[in-house]
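*Asks:* kindly generate the corresponding structure for this input.
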Amino acid sequence: MDVAGKKLGLMLSTGPEQDTNLATAIGLSDAALGRGASVYLYLIDDGVRALDDPRVRSLADRGAKLFVCAYGCQKRRIPLKASESVTYCGLVVLTDIINGTDRFIALN
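*Replies:* This next block holds a predicted model:
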């Protein structure tokens with residue numbers, strides 16, 4: 001199946017200690033980017049802690065759009081760091097990702 005030009009949305013709600021979910025999100029994102037798809041990754045709940053993972057940051061460097069729940073960061077006392085590669089936002093953006101992508105996968 002040709003995925004070039006398609007949009008893949010992913011939501012990760014588990015922390016880095018759940019490496020299976022994190023590895024799946026990274027692997028799917030990596031494969032989709034490699035085949036020419038657009039990737040939209042939303043980190044929510046404990047998933048916001050994966051923001052410091054260099055594998056997640058590298059996805060943004062390769063063109064994935066990285067969104068992080070600002071409320072999730074606030075609840076976990078994670079400072080919002082200004083960055084061109086990360087957008088801190090709320091659930092409205094998650095809804096837009098769900099509605100605006102060809103495929104959406106929730107990893108929780």
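*Asks:* quick check, distance from stretch 49-66 to the centre of its chain.
*Replies:* Averaging C-alpha positions (Cα atoms, centre = their mean, to the nearest Å) puts stretch 49-66 8 Å from its chain's average.
*Asks:* next one: stretch 55-70
*Replies:* The answer for stretch 55-70 is 6 Å, by Cα atoms, centre = their mean.
*Asks:* so for that stretch, first residue to last residue, what's the gap.
*Replies:* Stretch 55-70 stretches 20 Å from its first residue to its last (Cα to Cα, to the nearest Å).
*Asks:* ditto for stretch 9-16
*Replies:* From its first residue to its last, stretch 9-16 covers 19 Å (Cα to Cα).
*Asks:* other residues contacting that stretch?
*Replies:* By Cβ atoms under 8 Å, 6 or more residues apart in numbering, the list of residues contacting stretch 9-16 from outside reads 21-22, 25, 28-29, 39-47, 49-50, 53, 94, 97-98, 100-101, 103-108. Where you see a C-beta, it was placed from the backbone N, CA and C, and this is true even at glycine.
*Asks:* buried subset of the residues you listed, written for PyMOL?
*Replies:* The buried subset of the contacts of stretch 9-16, as determined by 16 or more other Cβ atoms under 10 Å, is captured in PyMOL by this line:
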select buried, resi 21+22+25+28+29+39+40+41+42+43+44+45+46+47+49+50+53+94+97+101+104+107
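*Asks:* and Leu8, helix, strand or coil?
*Replies:* At Leu8 the chain is in strand, as set by DSSP: H, G, I helix; E, B strand; the rest coil.
*Asks:* against Asp61, how distant is the nearest residue to it once chain neighbours are set aside?
*Replies:* Leaving out its chain neighbours, the residue that sits closest to Leu8 by Cβ to Cβ, 6 or more residues apart in numbering is Ala32, at 4.6 Å. Ala32 is 15 Å from Asp61, where distance means Cβ to Cβ, to the nearest Å.
*Asks:* who's more crowded, those two?
*Replies:* Ranked by neighbour count (other Cβ atoms under 10 Å), Ala32 and Asp61 place Ala32 first, with 21 against 10.
*Asks:* what sits against the residue nearest the centre of the chain?
*Replies:* The centroid of the chain falls nearest to Leu41 when counting by Cα atoms, centre = their mean (2.0 Å). By Cβ under 8 Å, 6+ apart, the contact list for Leu41 reads 10-12, 25, 29, 56, 59, 64-67.
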